[in-house]
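Asker: Next one to model:
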Amino acid sequence: MSALAGHQGPVLLARRWRDPAAWRTTVDVMAILLAASLPWSTSLVSILGVVMLITMTPFLDVERLLQILKRPISIAPIALFLVALVGTLWSDAAWGARLYAVGPAAKLLVLPALFYHFERSERGLWVFAAFLGSCVLMVVMSTAVAFNPALALKANADRGIFVKNYIDQGQEFSLCAVALAYPIAQLLRARRFVPAGLLTAIMIAFLANMIFIVVSRTALVTIPILLAVFGLIHLKWRANLLIAAGVLMLGLAAWSVSPQLQAKVATFTTQYQDYRNDRGVTSIGERLEFWRKSLRFFADAPLIGHGSGSTRHLFELAASGPSDLSSGQVVGNPHNQTLYVAVQWGALGVVILYAMWAVHLLLFRGDGLVPWIGLLVVAQNIFTSLFNSHIFDFHEGWMYVIGVGVAGGMLLGSRSQPDSAQRPVTT
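Answerer: Have a look, this model is predicted:
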């Protein structure tokens with residue numbers, strides 16, 4: 001029997017090697033691991049992303065992929081990458097800087113691949129569950145690090161940061177917290193109070209971390225907006241009024257008991273005044289200075305911009321003060337997605353960027369958990385990109401690619417089948 005089993009092992013392996021379903025399962029596993037690793041590691045995300053694309057190729061349906069590529073939801077991100085690539089031709093920056101600026105746009109090419117795969121995969125929700133579970137574990141570690149900073153993997157980390165930074169962590173936690181609003185509401189309507197209570201506890205854990213441990217200004221601004229989007233889409237006006245009143249009361253209560261929240265909100269005014277009076281470098285002062293100069297750069301080349309990788313050189317030429325003042329800072333990123341694109345690729349790039357956001361928003365019309373997740377990912381990216389360049393930042397850019405790609409593929413698959421109501425994309 002042992003000899004027979006030893007002979008069958010290579011045979012079974014060969015069969016699985018030639019089995020399209022086995023390869024699709026491998027892609028599912030890679031996507032799940034990719035989502036789970038995103039809160040923890042950049043290098044692992046890059047490796048898993050490449051492996052995921054490679055495992056799609058053995059049984060690639062070229063005809064179906066071409067159909068996906070012809071859709072506006074794929075054309076727009078590809079066009080944005082191509083503009084970044086072609087923009088190297090008219091840039092005055094060194095070629096190293098030009099090519100380096102193209103790299104952040106390359107992840108957008110993964111979107112059509114995810115649309116293609118998850119159009120027929122049944123494991124899309126597993127990807128989102130993996131990301132949620134990973135973020136829950138990160139809450140635990142963030143809380144532990146807040147009480148024992150020696151546990152942090154990152155040297156000189158901010159309070160409550162186990163790995164990466166407070167901006168990335170705030171984006172993860174705010175996305176998960178608001179995304180849970182939909183399943184909680186659905187479970188309460190179905191009178192399934194135990195799972196609703198469990199998800200509510202997880203939501204509170206995310207919010208409590210952002211209020212008492214790691215406070216992000218971007219999250220403070222965007223969470224109320226995203227909750228308002230949820231209320232307008234999924235709730236009646238009376239429920240919205242009750243929730244608004246409850247959120248206001250909770251906000252006042254959190255303000256009264258959280259010194260971290262008070263200190264973070266106070267920075268809005270103090271840092272602005274420091275900027276106005278030239279009292280050192282502050283994050284708000286830097287942003288205002290970057291935006292002011294970027295608008296001038298855009299006005300100098302409004303149609304196609306200054307080319308890929310040109311931003312840092314432009315700021316070097318425009319530096320008008322010592323390095324300890326905001327006016328003397330030199331950066332390669334103006335901390336605003338529109339200006340990031342406008343400076344390098346002008347109105348052409350801005351039109352393509354807005355078109356991509358628009359077609360992805362329209363993709364997630366309708367009711368259900370998956371449309372809500374996709375809509376939330378796009379809306380969060382749009383609002384947070386007022387203060388950052390989150391399409392081209394590594395962490396937030398991959399959040400967008402995974403969220404839009406997986407949810408979009410699931411919706412394409414459900415809408416292409418007559419029995420789409422039976423598929424578990426709205427549970």
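Asker: from here on, contacts and neighbour counts on C-alpha atoms
Answerer: Will do.
Asker: Under the pLDDT cut-off, which ranges of the stretch 1-150 of the chain? List them.
Answerer: Under the criterion pLDDT under 70, the flagged ranges of the stretch 1-150 of the chain are 1-18.
Asker: try 80 this time
Answerer: Under the criterion pLDDT under 80, the flagged ranges of the stretch 1-150 of the chain are 1-20.
Asker: What segments of it are helices?
Answerer: In chain order, the stretch 1-150 of the chain shows helices spanning 2-17, 20-37, 42-56, 62-69, 72-86, 95-106, 110-118, 124-147, with DSSP state H, counting those that start in this stretch as the criterion.
Asker: Using JSON lines, lay out those helices together with distance to Ala185.
Answerer: Shown next, in JSON lines, are the helices of the stretch 1-150 of the chain (distance: least, CA to CA, whole Å):
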{"stretch": "helix 2-17", "distance to Ala185": "42"}
{"stretch": "helix 20-37", "distance to Ala185": "25"}
{"stretch": "helix 42-56", "distance to Ala185": "32"}
{"stretch": "helix 62-69", "distance to Ala185": "33"}
{"stretch": "helix 72-86", "distance to Ala185": "29"}
{"stretch": "helix 95-106", "distance to Ala185": "36"}
{"stretch": "helix 110-118", "distance to Ala185": "26"}
{"stretch": "helix 124-147", "distance to Ala185": "18"}
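Asker: Please identify the most buried of the ones you listed.
Answerer: For the helices of the stretch 1-150 of the chain, average neighbour numbers computed from mean count of other CA atoms under 10 Å are highest in helix 110-118, which has a mean of 24.
Asker: Give me the contacts around that helix.
Answerer: Residues from elsewhere that reach helix 110-118, judged by CA atoms under 8 Å, 6 or more residues apart in numbering: 24, 53, 56, 64-65, 68-69, 73-74, 77, 124, 401-402, 404-410, 412-413.
Asker: do that again at 6 Å, thanks
Answerer: Where contact means CA atoms under 6 Å, 6 or more residues apart in numbering, the residues beyond helix 110-118 that reach it are 74, 401, 405-406, 408-410.
Asker: Stretch 354-364 too?
Answerer: Here stretch 354-364 makes contact (CA under 6 Å, 6+ apart) with 73, 76, 371, 375.
Asker: please redo it, this time with the cut-off set to 8 Å
Answerer: Defining contact as CA under 8 Å, 6+ apart, one finds that stretch 354-364 is touched by 72-73, 76-77, 371-372, 374-375, 378-379, 382, 404, 408, 411.
Asker: now do stretch 40-47
Answerer: Residues external to stretch 40-47 that are found in contact with it (CA under 8 Å, 6+ apart): 34, 37-38, 163-164, 394-395.
Asker: Mind giving me the ChimeraX command for buried ones among those?
Answerer: Command for ChimeraX that selects the buried part of the contacts of stretch 40-47, burial taken from 16 or more other CA atoms under 10 Å:
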select :34,37,38,163,164,394,395
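Asker: Strands - which of the contacts of stretch 40-47 land there?
Answerer: Judged by DSSP state E, strands contain none of the contacts of stretch 40-47.
Asker: Check the contacts of stretch 40-47 against Tyr100 and report the nearest one.
Answerer: Closest approach between the contacts of stretch 40-47 and Tyr100, by CA to CA: Phe394, at 12.9 Å.
Asker: residues touching the closest residue to that closest one other than its chain neighbours, list them.
Answerer: Nearest residue to Phe394, sequence neighbours excluded (CA to CA, 6 or more residues apart in numbering): Pro104, at 6.9 Å. When contacts are counted by CA under 8 Å, 6+ apart, Pro104 touches 392-394.
Asker: With Ala113 as the reference, measure out to Pro77.
Answerer: Between Pro77 and Ala113 the computed distance is 12 Å (CA to CA, to the nearest Å).
Asker: wait, Trp398 sits on Lys107?
Answerer: Yes. Counting by CA atoms under 8 Å, Trp398 sits close enough to Lys107 to count as a contact (7.2 Å).
Asker: More neighbours: these two, which one.
Answerer: With neighbours defined as other CA atoms under 10 Å, Trp398 and Lys107 compare such that Trp398 has more, 26 against 21.
Asker: helices or strands up against the helix or strand where that one lies?
Answerer: In this structure, Trp398 sits in helix 394-415 according to DSSP states H and E. Counting by 3 or more CA pairs under 8 Å, 6 or more residues apart in numbering; DSSP states H and E, the packing neighbours recorded for helix 394-415 are helix 110-118, helix 124-147, helix 166-179, helix 369-384.
Asker: can I get the ones you listed in CSV with distance to Leu187?
Answerer: Conversion of the helices and strands packed on helix 394-415 to CSV gives the following (distance: least, CA to CA, whole Å):
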stretch, distance to Leu187
helix 110-118, 26
helix 124-147, 17
helix 166-179, 14
helix 369-384, 12
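Asker: so which of those helices comes closest to Gln186?
Answerer: For the helices and strands packed on helix 394-415, proximity to Gln186 was assessed by CA to CA; helix 369-384 is nearest, at 9.3 Å.
Asker: Buried residues, the closest one. List them.
Answerer: Of the residues in helix 369-384, those with enough neighbours to count as buried (16+ other CA under 10 Å) are 369-384.
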